[in-house]
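**Student:** Using only what follows, build the 3D model:
(chains A and B, ligands or ions: 2)
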Amino acid sequence: MNLTLFIWRQKGRDTKGSLEQYEAKDISTEMSFLEMLDEVNEQLIKNNQEPIAFDHDCREGICGMCSQVINGVPHGPQQRTTVCQLHMRHFKDGDSIYIEPWRARAFPVIKDLITDRSSMDSIIQAGGYISVHTGGVPDANAVLISKENADTAMDASECIGCGACVAACPNGSAMLFTAAKITHLASLPQGQIEAARRVCIMTEAMLQNGFGNCSNHYECQAACPKGIRVSFIAKLNREFMKAHLKDSV
Amino acid sequence: MLLDGKCPSGPLSEKWERHRQNLKLVNPANKRKYTILVVGTGLAGASAAATLGELGYNVEAFCYQDSPRRGHSIAAQGGINAAKNYPNDGDSIFRLFYDTIKGGDFRAREANVYRLAMLSNNIIDQCVAQGVPFARDYAGYLDNRSFGGAQVSRTFYARGQTGQQLLLGAYAALMRQVKAGTVRLHPRSEMLDVVIIDGEAKGITVRDMVTGHVGSYAGDAVCLCTGGYANVFYLSTNAMGSNVTAAYRAYKKGAFFANPCYTQIHPTCIPVSGEHQSKLTLMSESLRNDGRVWVPKMNGDKRTPNEIPHAERDYFLERKYPGFGNLAPRDIASRSAKEVCDEGRGTGSSGFGVYLDFEDAIKRLGESVIRERYGNLFEMYDRITGEDAYKQPMRIYPAPHYTMGGLWVDYNLQSNVPGLFVLGEANFSDHGANRLGASALMQGLADGYFVIPYTIAGYLAQAVPGRVTAAHPAFIKSIEDVNSLTKKLLSINGKKTVNDFHRELGRIMWEHVGMARSEEGLKRALKLIPELRSEFWQNVKVPGSSENLNQELEKAGRVADFLEFGELMARDALNREESCGGHFRVEHQMPDGEAKRDDKNYCYVAAWEFKGLNYEPDMHKEPLTFENVALAVRSYK
Ligand SMILES: Cc1cc2nc3c(=O)[nH]c(=O)nc-3n(C[C@H](O)[C@H](O)[C@H](O)COP(=O)(O)OP(=O)(O)OC[C@H]3O[C@@H](n4cnc5c(N)ncnc54)[C@H](O)[C@@H]3O)c2cc1C
Ligand code: FES
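**Tutor:** Residues are numbered from 1 along each chain as shown, chains lettered A, B, ... in the order given. Ligands and ions are numbered 1, 2, ... in the order given. Next comes the predicted model:
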């Protein structure tokens, strides 16, 4: 099939970008979306033009590196699917496709479709862990964890840190991302000891790193390729309340 | 030269403990004076950097992705082994040790493998303490499953995302140290050279992938944790950026490369759909428990699978290996699939695929049981191929998956270059000629959390901290070398893209240095690879400049290294006149097609020393001696 692409091109952090038009010819329905872009790039190179820069690595939907807004939707039209797992059979001959980078204050564009997402690492650095040293820990079965809690922790921990939730949020909030980490750790007995402190410093770090507030739009859940649920945000809010109640006692 | 792995003496089970007692320690107050450069933040690198930071060393950690959380360890699905014996089914450290060394076809070091089995239990304890949400039963205890032909249930798992959860655990520990100020992170940074001063590794040269700036970091020791090189085949289950560059450039600076020909080809991957294919996706091997593998009996049969009657199907694994049938080991299943496709009986548009059919299982057990067991895999298969495997058989084909070879290291994980340590898939140490399922995650974390923190002290304790700075002429020279290579790549301005060359190299490697290797084919590869390489240096087109983010330039550097490294692989495969594990030489097989090992002549590690591109590398041998196990012949009939 043949497609018309409108792709965001931007040379660097401090330059202005714009949508440029490209024709993608003879695209096989069996290609993945990124393979389609590979093909466009090969043609650009052969025509002495600079190829389109985009982030990707595992191409299996797990590393969280790929990050494109396709026709206004982070990761494109297929539910629970990262761009790298999206295939061209979901498009039709003659389609126009708009491809843009994540758009959020906390994710400045580095080049074309690539953004700087180190602000998400900063949130984890603030407290997204259990403070344990290597060695000197008890036997793995010494503390029992109910299957239910272990499953909730796992549901939350499936987050791949891609940032689609931030890109989808009208406020550019990292609430779903942060809530997933809070829920993961607070669901486990090992994680409860630092829970109050953690929720305070992580939400603080979220604001300090340029992310917006959460005003319950829930666009994040719809965009998440891993099905991370907004109920985790409620969990974060409960943890936050608990922490502040403790403070006031 | 005979190489010495420096394995400690004494009974197998006491070696590590004794060795630890004898290793020197670094005074706690002095630790922060030592800078350790950790390249790679997958399981091996993240666990090492975090633990060294906790101990108080000054750590600089590098990775090419935008965050350490994205190392390709994240993609591991199945699980991680440990000898906990929680199910009480007869597992022990010795049994895990034995299974691993036998799985490696007796081409690994006993002392290393035993240590790995011992440390496996500490890993699980550590990960649980970090909050890794392993699967649990209803009473709240950790659950296990069996994996990869083991007779015991020793694999810990977190749904189908074990690697992700373990890496997020190590990443969290690492981020804690970043906050504590002991580790500094350098994401989007590619290591392009090791700097060696007076014979010891004292730094690295790195390209900032955003600004293009090439700079050096001086340190007191370097740890390479840069993963495997399966992308030499172009198509593999590795990430797009997985490379041999870090390891290969260390090799060019004097580090020995051990057993490069030992590669693992996984039988159950989704087949190639066309020329555009950029990578291959692994489907869990567990599918072979219920799926039957077949191809049409007739060459070039174009009927859809459901139109082909049973009598006209060849269930080739069941036919050839009646004992194990569809569960034959990875290498055997892979080779058999390639054979039938080479005969022209392959399926799918490319002709390179075999059916994995669940029809009988669905009839026997009902669709709901199959859905429960494999639902997520069927969904993944559908997402990629657009086919419904409940209604028609899946198509699978083997794909390069893991590389057992790597930089040579001794028992301390130190290469032959003092101060250069190598961890995880990048070293050659523990898997011999073939890796068992669920043991790579174990090795990466054992190396990072529990081995390197001790062994590196043995080296550092005798080194003066901060002896060299990046102002040393060796660093300036290294930067110049890297810059001139970059300049050269950008100046060729030929007709073919980097991908064109990589794809072509992949074809040569797959054809001649893949699953079944012959003297003739390997010699052919040794002719074709240098030809392709010289064409590359005349006709490659790398657009853009070196002064900003340039993904084609990054790829070009990696492919340039693969074009040299492929030759080393072929040479190693040619030298090894036996079949063992993932290395199969057609000249050396039993009458029934089984691998024929030659313990008398090849029970050694082949470690290659670079002598210049136009010279043959020297081979050094490390003889393997087995004091605790008898060398047995593998049989899966
Ligand atoms: C699809 C798949 C499934 C698997 N499933 C399992 C399983 O179930 N169980 C199991 O035990 N094993 C499994 N394996 C194998 C296992 O995942 C890997 O062997 C292991 O995770 C490798 O870890 P590592 O830390 O050595 O390397 P990686 O995780 O690959 O990390 C490499 C690191 O090095 C960095 N790097 C590389 N080159 C450079 C450079 N030049 N400059 C700077 N940084 C660099 C990267 O950025 C990255 O941080 C699987 C592998 C694959 C591909
Ligand atoms: S490239 Fe890894 S998730 Fe898409």
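
**Student:** what element comes up after the helix or strand that contains B:Leu167 heading to the C-terminus?
**Tutor:** B:Leu167 belongs to helix B:162-180 when assigned by DSSP states H and E. Downstream of helix B:162-180, the next assigned helix or strand under DSSP H and E is strand B:183-186.

**Student:** what about residue 188, how many residues close to it?
**Tutor:** You didn't pick a chain, so chain A it is. A:Leu188: 22 surrounding residues under other Cβ atoms under 10 Å in any protein chain shown. Quick note: C-beta positions are derived from backbone N, CA and C, even for glycine.

**Student:** Chain B is the one I meant
**Tutor:** Quick note: B:Arg188 (other Cβ under 10 Å) scores 21 neighbours.

**Student:** Could I get the full set of strands for the stretch 451-600 of chain B?
**Tutor:** Secondary structure of the stretch 451-600 of chain B by DSSP state E, counting those that start in this stretch: the strands cover B:496-497, B:540-541.

**Student:** how far is the first one from where the chain is centred?
**Tutor:** A distance of 28 Å separates the C-alpha centroid of strand B:496-497 from that of its chain, computed with Cα atoms, centre = their mean, to the nearest Å.

**Student:** I'd say B:Tyr64 and B:Glu190 touch.
**Tutor:** Yes: B:Tyr64 is within contact range of B:Glu190, at 5.0 Å (criterion: Cβ atoms under 8 Å).

**Student:** Compare the two (neighbour count), which wins?
**Tutor:** Comparing B:Tyr64 with B:Glu190 by other Cβ under 10 Å, the one with more neighbours is B:Tyr64, at 28 against 23.

**Student:** Next one: that one from B:Val206, what distance?
**Tutor:** Using Cβ to Cβ, to the nearest Å, we find B:Tyr64 at a distance of 10 Å from B:Val206.

**Student:** Need the residues touching each of those two.
**Tutor:** Residues touching both B:Tyr64 and B:Val206 (Cβ atoms under 8 Å, 6 or more residues apart in numbering or on different chains): B:Ser189, B:Glu190.

**Student:** which regions of chain A sit below the pLDDT cut-off?
**Tutor:** Applying pLDDT under 70 to chain A flags residues A:247-249.

**Student:** Could you list the domains of it?
**Tutor:** A:3-111, A:118-248 (automatic domain parsing).

**Student:** In TSV, list the ones you listed along with distance to chain B.
**Tutor:** Listed next are these as TSV, based on distance: least, Cβ to the nearest Cβ, whole Å:
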stretch	distance to chain B
domain A:3-111	4
domain A:118-248	3
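
**Student:** so can I have a markdown table of those showing distance to ligand 2?
**Tutor:** Listed next are those as a markdown table, based on distance: least, Cβ to the nearest ligand atom, whole Å:
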| stretch | distance to ligand 2 |
| --- | --- |
| domain A:3-111 | 3 |
| domain A:118-248 | 6 |
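
**Student:** would CSV of these with distance to B:Ala570 be doable?
**Tutor:** Below are these laid out as CSV (distance: least, Cβ to Cβ, whole Å):
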stretch, distance to B:Ala570
domain A:3-111, 27
domain A:118-248, 37
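
**Student:** Tell me which of those lies nearest to B:Ile308.
**Tutor:** domain A:3-111 (22.6 Å; Cβ to Cβ).

**Student:** Is there contact, residue-wise, from that closest one to ligand 1?
**Tutor:** No: Domain A:3-111 is not in contact with ligand 1 by Cβ under 6 Å from any ligand atom; minimum separation 6.8 Å.

**Student:** repeat for stretch B:575-594
**Tutor:** No: applying Cβ under 6 Å from any ligand atom, one finds stretch B:575-594 separated from ligand 1 by no less than 13.5 Å.

**Student:** and for that stretch, what are the contacting residues?
**Tutor:** Contacts for stretch B:575-594 (Cβ under 8 Å, 6+ apart): B:103-107, B:261-265, B:320, B:331-332, B:335, B:404, B:432-434, B:515-519, B:573, B:595-598, B:601-602, B:606, B:619, B:634-637.

**Student:** Please indicate which of the residues you listed are buried?
**Tutor:** Among those, those buried by neighbour count (16 or more other Cβ atoms under 10 Å in any protein chain shown) are B:103-107, B:261-265, B:320, B:331-332, B:335, B:404, B:432-434, B:515-517, B:573, B:595-597, B:602, B:606, B:634.

**Student:** Among those, name the ones in strands.
**Tutor:** Among the buried ones among the contacts of stretch B:575-594, the members falling in strands (DSSP state E) are B:Thr263, B:Gln264, B:Ile265, B:Ala606.

**Student:** so which of the residues you listed would you say is closest to B:Glu359?
**Tutor:** Nearest to B:Glu359 among these, counting by Cβ to Cβ, is B:Ile265 at 26.6 Å.

**Student:** Now do the same for the residue nearest to B:Gly45 when sequence neighbours are not counted: its pLDDT.
**Tutor:** Excluding the flanking residues, the one nearest B:Gly45 by Cβ to Cβ, 6 or more residues apart in numbering or on different chains is B:Cys225, at 3.3 Å. Confidence at B:Cys225, expressed as pLDDT, is 98.
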